[in-house]
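*Asks:* Output the structure for:
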Amino acid sequence: MENTTAKHVTINNPADITFYEVGGYGALLEKYSLSLPSQRKDAFHLLRDPTTGDLPWPGVLFGIAIIGSWYWCTDQVIVQRCLAARSLTHVKAGCILCGNLKLLPMFLMVFPGMISRVLYPEEVGCVEPSICKEVCGTAVGCSNIAYPKLVVSVMPTGLRGLMLAVMLAALMSSLASIFNSSSTLFTMDIWTRIRPQARDKELMIVGRVWILCIIAISICWIPVVQAAQSGQLFDYIQSVTSYLAPPIAAVFFLAIFVKRVNESGAFWGLMGGLVMGLCRMVPEFAYGSGSCLFPSECPTLICGVHYLYFAVLLFFCTAILVLFISNNTPPIEDKHVRCFRSIWTGKRRNEEGKLEESNGIHFNNLLSAIVERGDRSITMKIIGWFCGINDTQAPEPTEEEVNEASKQLPDISEDPLWKYLVNANALIMMSVAVYFWGYYA
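*Replies:* As a prediction, the model looks like this:
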């Protein structure tokens, strides 16, 4: 009778449905610690044991702080959106809105996943590799199927399809942002150095081809994701970020607060940090993260340190390397420190202040001739249609236009009313976040 009643309850949110199925928040607190096959007494605590916890509290406080600073301050996806805002107030409001939305996953994703563990302990919480392989196709664990399992098993037919469509739409939106950012970085920072004479059409085609390459690499990387960090996608994302992001965060903070940091220190600091991160990441993926029954054979010297602790260590090692190299190389002139200007034409200024061609590597002009000629073949027309380019080419800016644009600084003044309103919302968001931390710590 209870099951029949539950099926006829009209609830549109999957989190609401799962809370109803498990018996409410109080029942979740009681049942989760008793759910087989293992017990977790620290499940509702954010700050866990610093040595035996799966997420030690020093790593959570300091390691995730470093990773979060890298993502929100320097990640191309975030920076690209902030630079596209109409005003500084819009930038702040957008970031605060994202911060408020970041409070919701605790209730919309984490708790439903725990409820799935209560309802399906032998599937979501499987430990035996043969059983996990049969359930989800991965021997190291099936925790990644917790949310989809709820959607497919608990929700009604109509809402089930709607929820799957929403999840796929969110996935495609995130992938599109990442691919666009990667394409921008490759074409503007790498390809323009290889071919300084490249025009807009060529950059468009190169960007689209690069996206196809990234997609192919992503597909080939799926087996590594499935086998890493005991099959837990969250741990995999945090571990990879901990190996690659701290050097960028270190250079970012030093460039802001330490005037002596120069290009050589930043570059070699990033390269050294990347090498140190790869020295940890490659062996861990090669040996595998293992499982509860079959631990990894990775040497303790390499993999014995938790990845969040390693992020803190990598951050300080990179900072020391940057400061050491910067203090042993010539400093940046004050005029360059005070004024950072972006030259979008692929040119640089010489000692006299005049624009000149950069010393890039010049290949033959075959690609330019193909994309610039007017009598294109049918194949080239199809490629142009696929890449979204046309036959009209925007004129290159003149030297006078470049000089005038470099003198015009954007207006970042804010309306007092909206400024104080946005700042008040920021304080409210941080207060709510601190309360949640205090409540669950």
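*Asks:* What is the burial count for the closest residue to residue 139 other than its chain neighbours?
*Replies:* What sits nearest to residue 139 in space, not counting adjacent residues and going by Cβ to Cβ, 6 or more residues apart in numbering, is residue 129, at 3.9 Å. For every residue, glycine as well, the C-beta is placed using N, CA and C. Per other Cβ atoms under 10 Å, the neighbour tally for residue 129 reads 16.
*Asks:* since we're on the residue nearest to residue 429 when sequence neighbours are not counted, how many residues are nearby?
*Replies:* Sequence neighbours aside, residue 99 is the residue nearest to residue 429 in space, at 4.9 Å (criterion: Cβ to Cβ, 6+ apart). Residues contacting residue 99 under the criterion other Cβ under 10 Å number 16.
*Asks:* now do residue 174
*Replies:* For residue 174, using other Cβ under 10 Å, the count is 11.
*Asks:* Now do residue 16 against residue 112, distance only.
*Replies:* Distance, residue 16 to residue 112, by Cβ to Cβ, to the nearest Å: 10 Å.
*Asks:* picking up where we left off before, hmm, the residue nearest to residue 139 is touching residue 137, no?
*Replies:* No. Look at residue 129 against residue 137 with Cβ atoms under 8 Å: they stay out of range, at 11.5 Å.
*Asks:* Work out for me the element the spatially most central residue of the chain sits within.
*Replies:* Closest to where the C-alpha atoms of the chain average out (Cα atoms, centre = their mean) is residue 71, at 6.2 Å. Using DSSP states H and E, the element containing residue 71 is helix 64-74.
*Asks:* for the next helix or strand after that helix, the distance to its chain's centre please.
*Replies:* Heading C-terminal from helix 64-74, the first helix or strand you meet, by DSSP H and E, is helix 76-83. Relative to its parent chain, helix 76-83 has a centroid offset of 12 Å by Cα atoms, centre = their mean, to the nearest Å.
*Asks:* any idea which helix or strand comes after helix 76-83?
*Replies:* helix 88-101.
*Asks:* From the chain's centroid, how far away is the very next helix or strand once past that following helix?
*Replies:* Note on helix 88-101: by DSSP H and E, the next helix or strand toward the C-terminus is helix 105. Relative to the mean C-alpha coordinate of its chain, helix 105 is positioned 16 Å out (Cα atoms, centre = their mean).
*Asks:* what about the residue nearest to residue 145 when sequence neighbours are not counted, neighbour count?
*Replies:* The shortest distance from residue 145 to any non-neighbouring residue, by Cβ to Cβ, 6+ apart, is to residue 136 (5.0 Å). Neighbour count for residue 136, taken as other Cβ under 10 Å: 21.
*Asks:* Now do the contacts for residue 136.
*Replies:* By Cβ atoms under 8 Å, 6 or more residues apart in numbering, residue 136 lies in contact with 123, 142, 144-145, 231.
*Asks:* Please pick the buried ones from the residues you listed.
*Replies:* For these, a burial check counting by 16 or more other Cβ atoms under 10 Å picks out 123, 142, 144-145, 231.
*Asks:* Filter those residues down to just the ones in helices.
*Replies:* residue 123 (DSSP state H).
*Asks:* that older thread, quick one: contacts for the residue nearest to the centre of the chain?
*Replies:* Residue 71 sits in contact with 78, 241, 245, where contact means Cβ under 8 Å, 6+ apart.
*Asks:* The second one - that's part of a helix, no?
*Replies:* Yes. For residue 241, which was evaluated using DSSP: H, G, I helix; E, B strand; the rest coil, the result is membership in a helix.
*Asks:* That one reaches residue 66, doesn't it?
*Replies:* No. Using Cβ under 8 Å, residue 241 is not in contact with residue 66; the gap is 9.4 Å.
*Asks:* which residues of the stretch 201-350 of the chain score low on pLDDT?
*Replies:* For the stretch 201-350 of the chain, the stretches with pLDDT under 70 are 224-232, 288-296, 335-350.
*Asks:* That one: helices as residue ranges?
*Replies:* Ranges of helices in the stretch 201-350 of the chain, per DSSP state H, counting those that start in this stretch, are 233-244, 246-257, 263-287, 300-303, 307-327, 334-338.
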